[in-house]
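Asks: here are the coordinates; sequence isn't available:
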C-alpha cells in the first residue's frame, strides 16, 4: 500500500469540507479573536496538500509500470 | 467549547481512515517478524516521520504549549538542544550497531553485546514504563476532553483505546507506523493555522518581544544563573543534563523511537531515519510552543482572552492550547484541531503498545517463559500481548484517577530510569573492553545513584524523602542534575568493574562494537542520501535557529 494514497485522500476530503464551509457558510465560521475566513484558507491549503500527495502517488505507479512492462 | 456537526464528521472521517489503514495492512502479517518489527520493509520517509510522531503524544502537545506560556522560547531547548544532536548521533554512530546486529529490540542488542542480566534489567523496566506512559497519556486525554468538551471520561478513554487496539492488532507495527505518519501530518495541518493566527494577533514576533520580559524571548542569553531565567536552570545543567544525558538517553536508547528506525528497509535507510526526522523536528517548536507564548501575550492585550486559571487560582497551563483553539478556530477547523489532538494521543499510545508487545514477546516471553516454540506461536503471543498491553494501559489510566499525584511521581520515576542508561550504550558500542559485569554493575549502581539523589534533594516540594541535603531552584534543575549524577556514576563504575573482569574476544563482538563493525559505504547513494552531507545541512540550520533566538 502506498501511504500517499490514503493520506492524500484524507486531506483532499477535509480540504473540500473546510473550503465548502468557508465558501458557503462563512457566518458559521466565526471565532472570537479573528475576522478572517479561517476555514477557507486552511481548507484550500489542505486541499492542495492532499492533491499533491495523490499526484506523487500517481506518478510513482506510472513509473513502476514503465520500468516493469 | 461546543462542537458542530461538521466537527463530528471530520472526527469520524479520521477514525474511518485510521481503521481502514489497519484493515488494508492486515494481509501483510504472516510471521511474528511482520507483526512486531514490520519485517524491515518500511520506506524511509515513513520511518522518519513515524520516528518523531511516536514521541509526539497528546501530553507533549498540550504540555509544550503550556511550557511556552510558562518558560517562553527556552522551551525550544527540548527540541533544538534536547533532541536534534542526539538524533544525529544516533543516525551516524549508533544505528550501524542496532541495525547491523540484527537485534529485534534494544534489550536484545544488550543481550548480544553483554549478557542476560543487563537485557532483563532493561526489558522489564522498559515494559513497565511503556505501560505507565501510555496510561498517563490516556488519562490526560480523558481529563482534557472531559473538561473542554464535557465528554465522559470513560467513553473517551475506552473508545480511543479500542481504536488504537483495532489498528495495531490488525496490522501490527506497520499499521502503527503508517498511522503515525497520517497522525503527524494531521497534527501539523491542524495546529499550524493556530500558530499563524495567534502569532499574527499578538503582533508578530516583534510584538511578542515588545510585550514580554526579555528572558521569555531569548533561549540562551539569560542562562548564566538559574535565578535569571524562568526555568530556574543554569547553562551547565541545561547542556549537560538535558542536551547530553537525558536527550541521548532517550533518543538513542529508547526502544519506542529506535524501533521505528529499525523497521526501515535497509541499513542506509535506517541511518537516515533519525537524520531526516531532525528536519521536521527542528520546526515543530513553531507549531507547538509559539501558540503558548502568543497566548500569554494575548492575555495581556485586553482582547477578551483571559489566561486559563485553575479552581485554586493559579495559571492552568494545560488549558492554554484548548482555550486558544476556542478563540481562533471556527466550526470546521475546530474539528480538525481536535482530531489532531486525538491523533497525537493515538500516535503516542500506539508507539508505546507496539514497543511493549515486541519487548514482551521477544525479550521476556521467548527468553524466559517459553523459548524454542515455532514462529506461529510467537505471532499469537504478540497479538495477545497487544490486547493485554492496551488493557494494562487502561488500568494505569484509572490508577491515575485514584491517586492525584501519581502522574508527577511517575514522571520522576521515568527520569530516574532513563538517567543512567546512555552510559551503558556509549561504553558498550564504543569501548570494546567494556565487560558484561561492568555494564550491569554500572547500570544498577547508576540507577541507585539516581534514586539516592532524588531522595536527598528537594525541588518545589518534591523528593528529599530520606534527607534534605540540597535544594534545587526548580524541578527541572533537579531532573537535569539527577541525570548528570546517574550518568557519571554509571560511566565510572562500568569502567572500573570492566577493568577487573575479563572482556569477550573480538570475534564474539563483530557487528556490535565500534572498530569491529564494517559500516557499509553505499556508493550508489546520491549526495543528499548520505549521512554526512545531511548532517552538515541540519547543523547549519540548527545554528541559525539558535543564533536567531539567542
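Replies: Okay, I see it. All of these numbers come straight from a predicted model, not from anything done at the bench. Numbers count the residues shown, from 1 in each chain, chains lettered A, B, ... in the order given.

Asks: and stretch B:95-113, which residues are buried?
Replies: The neighbour-count check on stretch B:95-113 (16 or more other CB atoms under 10 Å in any protein chain shown) flags B:95-101, B:103-113 as buried. Every residue, glycine included, has its C-beta placed from N, CA and C.

Asks: for stretch B:247-258, same thing?
Replies: B:247, B:248, B:249, B:250, B:251, B:252, B:253, B:254, B:255, B:256, B:257, B:258.

Asks: I'd like to know which elements the longest helix anywhere in chain A is packed against.
Replies: Using DSSP state H, we find that the single longest helix of chain A is helix A:38-67. Packing partners of helix A:38-67 (3 or more CB pairs under 8 Å, 6 or more residues apart in numbering or on different chains; DSSP states H and E): helix A:4-24, helix B:153-201, helix B:333-358.

Asks: Is the first one in proximity to chain B?
Replies: Yes: using CB under 8 Å from any CB of the partner chain, helix A:4-24 comes into contact with chain B via A:6, A:7, A:9, A:10, A:11, A:13, A:14, A:17, A:18, A:21, A:22.

Asks: Report the distance from the helix or strand containing residue B:111 to the chain centre.
Replies: Under the criterion of DSSP states H and E, residue B:111 resides in helix B:106-113. From the chain centre to the centre of helix B:106-113 is a distance of 21 Å (CA atoms, centre = their mean, to the nearest Å).

Asks: In CSV: the helices and strands packed on helix A:38-67, plus mean pLDDT and mean neighbour count.
Replies: What follows is those, written out as CSV (pLDDT from 0 to 100; neighbours: other CB atoms under 10 Å in any protein chain shown):
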stretch, mean pLDDT, mean neighbour count
helix A:4-24, 89, 20
helix B:153-201, 89, 23
helix B:333-358, 88, 28
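
Asks: Reformat those as a markdown table; add distance to residue B:494.
Replies: What follows is these, written out as a markdown table (distance: least, CB to CB, whole Å):
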| stretch | distance to residue B:494 |
| --- | --- |
| helix A:4-24 | 45 |
| helix B:153-201 | 32 |
| helix B:333-358 | 25 |
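
Asks: which stretch among the ones you listed comes nearest residue B:546?
Replies: Evaluated with CB to CB, the helices and strands packed on helix A:38-67 place helix B:153-201 nearest to residue B:546, the distance being 19.6 Å.

Asks: tell me how far that closest one is from the chain's mean position?
Replies: Worked out by CA atoms, centre = their mean, helix B:153-201 lies 15 Å from the chain centre.

Asks: How is residue B:371 assigned, secondary-structure-wise?
Replies: Recorded secondary structure, residue B:371: coil (DSSP: H, G, I helix; E, B strand; the rest coil).

Asks: Tell me how far it lies from residue B:364.
Replies: 11 Å (CB to CB, to the nearest Å).

Asks: For the spatially most central residue of chain A, which non-adjacent residue is spatially closest?
Replies: Closest to where the C-alpha atoms of chain A average out (CA atoms, centre = their mean) is residue A:47, at 2.3 Å. Excluding its sequence neighbours, the residue lying closest to residue A:47 (CB to CB, 6 or more residues apart in numbering or on different chains) is residue A:15, at 3.0 Å.

Asks: Same question for residue B:227.
Replies: Using CB to CB, 6+ apart and skipping the chain neighbours, the partner closest in space to residue B:227 is residue B:473 (6.8 Å).

Asks: try residue B:545
Replies: Nearest non-adjacent residue to residue B:545 (CB to CB, 6+ apart): residue B:80, at 6.0 Å.

Asks: Tell me if residue B:458 really is in a strand.
Replies: Yes: according to three-state DSSP, residue B:458 belongs to a strand.

Asks: Run through the residues that contact the closest residue to it other than its chain neighbours.
Replies: Spatial nearest neighbour of residue B:458, excluding adjacent residues (CB to CB, 6+ apart): residue B:464 at 3.8 Å. Applying CB atoms under 8 Å, 6 or more residues apart in numbering or on different chains to residue B:464 gives the contacts B:455, B:456, B:457, B:458.
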